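Chemist: Sequence first, predicted model second:
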Amino acid sequence: GQQLNQSPQSMFIQEGEDVSMNCTSSSIFNTWLWYKQDPGEGPVLLIALYKAGELTSNGRLTAQFGITRKDSFLNISASIPSDVGIYFCAGQLAFGNEKLTFGTGTRLTIIP
Amino acid sequence: EAGVVQSPRYKIIEKKQPVAFWCNPISGHNTLYWYRQNLGQGPELLIRYENEEAVDDSQLPKDRFSAERLKGVDSTLKIQPAELGDSAVYLCASSSRAGGYNEQFFGPGTRLTVL
């Protein structure tokens, strides 16, 4: 099945650094979502974006819905050890059409 | 409030054997999803239920996979017979249309290894 393209595939950073990752699609989506998955757990929703150009924050996380509706970006400021995990973007065609198309994931590792 | 419950958490079987996974969604959630997550990939939808009805099973390999949600609550996903390529994590999620955006809440998954 279709998977959205995420980059980078993995990141190795030091605690306190800022992180940026993005997600691109060949198709337009009307909702963009960002999830975090810890080992042995299911994905947990971090941020949902509903409008092209929208910029939304959740604590140290900020995400943007690209104007073309084919991409989205996630930034994490001042990373802390609990930020370690795999981040997935997901696109949804329309509110009420619940199918999510996930990205390939970005694995975040914090170097001590 | 209890989250989505899945069992077993791990399953190791030999190829050609049958296997079944069980999911109990969050109380009151009428929509239930089964996803498959291959190693190093994001989840991919297999089937979506609205109450008892399978409303999207286009990605379910129907020759060997089956699912049911008889009373609109718990659900079972079955593979018979299993193949080596079925090794993956099978995630169940649920959501409710009440109150606006219907966020999907995921269970911890069942990790299947086919030998």
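Modeler: Sure, I can see it. Residues are numbered from 1 along each chain as shown, chains lettered A, B, ... in the order given.
Chemist: you'd agree residue A:20 is up against residue A:77?
Modeler: No - between residue A:20 and residue A:77 there is no contact under CB atoms under 8 Å: 9.9 Å. All C-beta atoms are positioned from the backbone trio N, CA, C, and that covers glycine.
Chemist: lowest average confidence, helix or strand, in the chain?
Modeler: All of this is about chain A. strand A:97-102 (a mean of 82; mean pLDDT, DSSP states H and E).
Chemist: Let me rephrase: I mean chain B.
Modeler: Least confident helix or strand of chain B, by mean pLDDT, DSSP H and E, is strand B:53-56 with a mean of 91.
Chemist: what lines up beside the next helix or strand after it in the sheet?
Modeler: Per DSSP states H and E, the first helix or strand lying C-terminal to strand B:53-56 is strand B:65-68. Strands adjacent to strand B:65-68 in the sheet, as given by DSSP bridges, are strand B:75-79 (antiparallel).
Chemist: hmm, back to that, which secondary structure elements does the least confident helix or strand of chain A contact?
Modeler: Judged by 3 or more CB pairs under 8 Å, 6 or more residues apart in numbering or on different chains; DSSP states H and E, the packing partners of strand A:97-102 are strand A:85-94, strand B:44-50.
Chemist: I'd like to know which of the ones you listed lies nearest to residue B:68.
Modeler: strand B:44-50 (9.1 Å; CB to CB).
Chemist: tell me the centre residue of chain B?
Modeler: In chain B, the residue lying closest to the centroid (CA atoms, centre = their mean) is residue B:34, at 2.9 Å.
Chemist: Show me the beta-bridge partners of the nearest residue in space to residue A:55 that is not next to it in sequence.
Modeler: Among residues not flanking residue A:55 along the chain, residue A:64 sits closest, at 4.9 Å (CB to CB, 6 or more residues apart in numbering or on different chains). Beta-bridge pairing for residue A:64 (DSSP bridges): residue A:55, residue A:73.
Chemist: So which elements touch the least confident helix or strand of chain B?
Modeler: strand B:44-50.
Chemist: Run through chain A and note the low-pLDDT ranges.
Modeler: Residues of chain A meeting the criterion pLDDT under 70: A:1, A:94-97.
Chemist: what are the ranges of the strands in it?
Modeler: A:5-7, A:10-14, A:19-24, A:31-37, A:44-49, A:55-58, A:61-65, A:71-76, A:85-94, A:97-102, A:106-111 (DSSP state E).
Chemist: Of those, which is nearest residue B:105?
Modeler: Of those, nearest to residue B:105 by CB to CB is strand A:44-49, at 8.1 Å.
Chemist: Run the angle between the closest one and strand A:31-37 for me.
Modeler: 160 degrees (axes from the mean of the first three to the mean of the last three CA atoms, to 10 degrees).
Chemist: Can you give the strand pairings for strand A:44-49, parallel or anti for each?
Modeler: Checking strand A:44-49 against DSSP bridges gives partners strand A:31-37 (antiparallel).
Chemist: Around chain A, pick out the residues from chain B.
Modeler: Counting by CB under 8 Å from any CB of the partner chain, chain B comes close to chain A at B:4, B:31, B:33, B:40-45, B:48, B:56, B:59, B:91, B:93, B:95, B:101-104, B:106-109.
Chemist: Quick check on those residues: which are buried?
Modeler: B:4, B:31, B:33, B:41-45, B:48, B:56, B:59, B:91, B:93, B:95, B:102, B:104, B:106-109 (16 or more other CB atoms under 10 Å in any protein chain shown).
Chemist: Enumerate the residues of chain A near chain B.
Modeler: A:1, A:3-4, A:40-45, A:48, A:50, A:88, A:90, A:95, A:98-100, A:102-105.
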